[in-house]
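Asker: the following comprises the amino acid sequence and a computationally predicted model.
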Amino acid sequence: MSPITQIQPLDVPSAIAKRRSIKTFKPDPITPELLKQLVELTVAAPSSYNIQSWQIILVQDEAQKAALSAASFNQQQIIQAPVTFVFAADPNASEENLTPIIEQGLETGAWNEGTVNYFKIAIPQFQAGLGDKRREYAIKDAIIAATHLVLAAESLGLSTCFMNGWIEDKVKEVIDAGDNPNLAIAVVVPVGYAAEPRLNPGRLPFSSNVSVDRIGNPYQG
Ligand SMILES: Cc1cc2nc3c(=O)[nH]c(=O)nc-3n(C[C@H](O)[C@H](O)[C@H](O)COP(=O)(O)O)c2cc1C
């Protein structure tokens, strides 16, 4: 039996509740089948106009892991975990992706000719209108995909750690994107089997950051 069928996946609320940012991983590998399932669930994420502005790099090679860790203030999770997903964001993705995305939308029947004709005009217009927010919008797509990864991994018995602690230019050099000035690094996520549990550090009460209708009108729960 493959590891995928052995695992009884956690439902989404359970995966959300159980997830912790894990700082130490066992060296145990992730099977290729399980890794593929993770990648499929990651790219199942929604994105603005379905443009999928992410570029996802699976860092597995030992030398690459060492270089990525060095670019990340020597955080050891990257060395220990069998794979680290680097989520990069391409603000110009729509230029390349628009045509295949439209073709797929038609092929699947999800979009009709009317939708497609609208998107052909609306998407380039929307992207142009974003101006210097293009990078920010591409990063939104990538972060949502990373969140899919983290919850899918938890559900399938793995652990993760979202990571912001890295130097963007150095990470770009590691993934061979040093010569692409537009590509942004959104987040880095090691994935593997937890070596030790971590406690939930807790969350602020709703009253401090959840409001009803207007900010400052606290949600009472
Ligand atoms: C965007 C983001 C960046 C983070 N960067 C790091 C990091 O570089 N290194 C690290 O050890 N933890 C990092 N964390 C983990 C946080 O410290 C952790 O999520 C927080 O303390 C709450 O703990 P929990 O994830 O177990 O609920 C990051 C989390 C997020 C969401």
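Answerer: Arrived safely, thanks for sending.

Asker: nearest residue to Ala88 other than its sequence neighbours?
Answerer: Gln55 (4.2 Å; CB to CB, 6 or more residues apart in numbering). C-beta here means a position set from N, CA and C on the backbone, and glycine is covered the same way.

Asker: and if you look at Ile144?
Answerer: Ala45 (4.9 Å).

Asker: helix, strand or coil for the residue nearest to Ala88?
Answerer: strand (DSSP: H, G, I helix; E, B strand; the rest coil).

Asker: just to revisit the earlier point, and the residue nearest to Ile144, what is it in contact with?
Answerer: Asp141, Ile144, Ala145, Thr147, His148 (CB atoms under 8 Å, 6 or more residues apart in numbering).

Asker: if you set the cut-off to 7 Å instead, what comes out?
Answerer: By CB atoms under 7 Å, 6 or more residues apart in numbering, Ala45 lies in contact with Ile144, Ala145, His148.

Asker: please report the distance of it from the ligand.
Answerer: For Ala45, the distance to the ligand equals 16 Å [CB to the nearest ligand atom, to the nearest Å].

Asker: near the ligand, which residues of this structure? Just list them.
Answerer: Residues of the chain lying close to the ligand by CB under 6 Å from any ligand atom are 20-21, 23, 75, 161-165, 187, 198, 200-201.

Asker: which secondary structure element contains the one residue in the chain that gets nearest to the ligand?
Answerer: Of all residues in the chain, the one sitting closest to the ligand is Gly165 (2.9 Å; CB to the nearest ligand atom). When elements are assigned from DSSP states H and E, Gly165 belongs to no helix and no strand.

Asker: surely Ile22 meets Ser159?
Answerer: Yes - contact status for Ile22 versus Ser159: in contact at 4.0 Å, counting by CB atoms under 7 Å.

Asker: so between the two, which is more surrounded?
Answerer: Between Ile22 and Ser159, counted using other CB atoms under 10 Å, the more crowded position is Ser159 (26 against 23).

Asker: find the nearest non-adjacent residue to Lys26, please.
Answerer: Tyr193 (4.5 Å).

Asker: OK, contacts around the one you found?
Answerer: Residues near Tyr193 by CB under 7 Å, 6+ apart: Phe25, Lys26, Asp28, Leu158, Ser159.

Asker: so which of these sit within helices?
Answerer: Taking DSSP state H, every one of these sits outside helices.

Asker: for ChimeraX, write the select line for the buried members of those residues.
Answerer: Buried subset of the contacts of Tyr193, written as a ChimeraX selection, criterion 16 or more other CB atoms under 10 Å:
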select :25,158,159
